[in-house]
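Engineer: Return a 3D structure for these sequence lines:
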Amino acid sequence: MNIKTLALKTFVGCAFSVSILLSGCGGSKSKDGENNADSATTPNIIKLGNANFSIPSPFQTAMLIKSTGAAYNKEMLNSAKNFSKYSTNYKKAINLGVYGADVGYVTMYDQTQDALGYIGSIRKLTEELGINNAFDANTMKRFEQNLGKRDSMLSMVAVGYRSSDAFLKNNDRLDVGALVLTGGWIETLYFSTKVLGTKENQELKNRIGEQKYTLDNLIKLLQPYYKQPEYTDLINDLIDLAYDFDAIDIEYKYVKPVTDVATKTTSISSSTKVVMTKEQLETITKKIEKIRNSIVG
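Structural biologist: Sure thing, here's the model as predicted:
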């Protein structure tokens, strides 16, 4: 992978910025006009140049992690109290993404008090970044009133982040959006590798291995900011990580589609399987932990 070839041609997405962490483009609406919880678990679709790529939402990955039977582990997450340590816009934006992933995790495990703590930290960071239209006092009050109601929490978080999306796009804050997206991806991959290291699960392994494609696109997304000192080390570390992901094999098994003439439905059974050795997982786990710790520390 040559960094000089990673040119960002164009970026036009339906939900690029803070909102891309927790919601997709659209989704069904409830009676009060808000998108329901399903939108928070919908993969995010980004258009980069002439190609679209998908990145799992933190809620989607948190749901997968919980389905493995892994117990809730607060120690994996970035402390909600750390927000006060982030003094630069770079640190605030990338950790806003980290906290977005943490909200997805704690909410999926019904840890409502922890979720409220993270939402409070997110609100403070959005205020300091000048994008505080999403998490105002009224929104916080509604969170408190809906503690313990997972679907309502998911819905409100998704709506809150979507409202920040418009601000970022309309005010040319794409650098903030890129950092938020990257922070959320790094945090999600971090606790995914941690869980897989203690609990074998092929579906989670597939999710991690498939990130080799997302990582390449994240690097392209960040490339325009490479010469800015705070970005340089991050991009170099991600490129180094990408080499390890390139060594992972993804096997595709083709199964001929079966059509039921009576019901006029077609069943597609083709599948992909990630082949990742224990050594590869350990290497990726150590590198993503190092990157993540440099962000949250």
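
Engineer: which regions of this structure sit below the pLDDT cut-off?
Structural biologist: Applying pLDDT under 70 to the chain picks out residues 1-57, 132-137, 139-141, 143-144, 146-148, 150, 153-173, 254, 269-270.

Engineer: now the end-to-end length of stretch 65-82.
Structural biologist: 24 Å (Cα to Cα, to the nearest Å).

Engineer: Next, the residues that contact it from outside, please.
Structural biologist: Contact partners of stretch 65-82, identified using Cβ atoms under 8 Å, 6 or more residues apart in numbering, comprise 95, 98-99, 102, 105-106, 108-109, 111, 114, 117-118, 120-121, 187, 190-192, 194-195, 198-199, 201, 203-204, 296. For glycine as for every other residue, the C-beta is placed from the backbone atoms N, C-alpha and C.

Engineer: So which of those belong to helices?
Structural biologist: Members of those lying in helices (criterion: DSSP state H): 95, 98-99, 102, 105-106, 108, 114, 117-118, 120-121, 187, 190-192, 194-195, 203-204, 296.

Engineer: quick one on the thing from earlier: mind checking which of the contacts of stretch 65-82 are buried?
Structural biologist: Buried members of the contacts of stretch 65-82, counted by 16 or more other Cβ atoms under 10 Å: 95, 98-99, 102, 105-106, 108-109, 111, 114, 117-118, 120-121, 187, 190-192, 194-195, 201, 204, 296.

Engineer: List the buried residues in stretch 218-226.
Structural biologist: Applying a neighbour-count criterion of 16+ other Cβ under 10 Å, one finds 218-225 buried in stretch 218-226.

Engineer: And the strands in the stretch 51-200 of the chain?
Structural biologist: Along the stretch 51-200 of the chain, counting by DSSP state E, counting those that start in this stretch, strands occupy 51-55.

Engineer: What ranges does the stretch 151-297 of the chain have for its helices?
Structural biologist: Along the stretch 151-297 of the chain, the segments classed as helices by DSSP state H, counting those that start in this stretch run 174-196, 202-209, 211-222, 229-246, 278-296.

Engineer: ok, Y105 to S192 distance?
Structural biologist: Using Cβ to Cβ, to the nearest Å, Y105 is found at 10 Å from S192.

Engineer: Name the residues linked to Y252 by a beta bridge.
Structural biologist: Note on Y252: beta-bridge partners T272, judged by DSSP bridges.

Engineer: The closest residue to T283 other than its chain neighbours: neighbour count?
Structural biologist: In space, T283 comes closest to D244 once its chain neighbours are excluded; the distance is 5.3 Å by Cβ to Cβ, 6 or more residues apart in numbering. Counted with other Cβ atoms under 10 Å, the neighbours of D244 add up to 17.

Engineer: Surely D244 is in contact with K287?
Structural biologist: Yes: with contact defined as Cβ atoms under 8 Å, D244 and K287 form a contacting pair (6.6 Å).

Engineer: What backbone torsions are found at Y226?
Structural biologist: With angles defined as degrees, to the nearest 10, Y226 sits at phi -60, psi -40.

Engineer: you'd agree it is up against I235?
Structural biologist: Yes: between Y226 and I235 there is a contact at 5.5 Å, judged by Cβ under 8 Å.

Engineer: CA atoms only: put stretch 104-116 into CSV for me.
Structural biologist: Taking C-alpha atoms only, stretch 104-116 is exported to CSV below (Å, rounded to 0.1, in the frame of the first residue of the first chain):
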residue,chain,number,x,y,z
GLY,A,104,-23.6,1.5,21.5
TYR,A,105,-22.0,-1.1,23.7
VAL,A,106,-23.4,0.0,27.1
THR,A,107,-26.9,0.5,25.6
MET,A,108,-27.0,-2.9,24.0
TYR,A,109,-26.2,-4.4,27.4
ASP,A,110,-28.9,-2.3,29.1
GLN,A,111,-26.4,-0.4,31.2
THR,A,112,-28.6,2.7,31.3
GLN,A,113,-26.7,4.6,34.0
ASP,A,114,-23.4,4.1,32.2
ALA,A,115,-25.1,5.1,28.9
LEU,A,116,-26.3,8.4,30.5
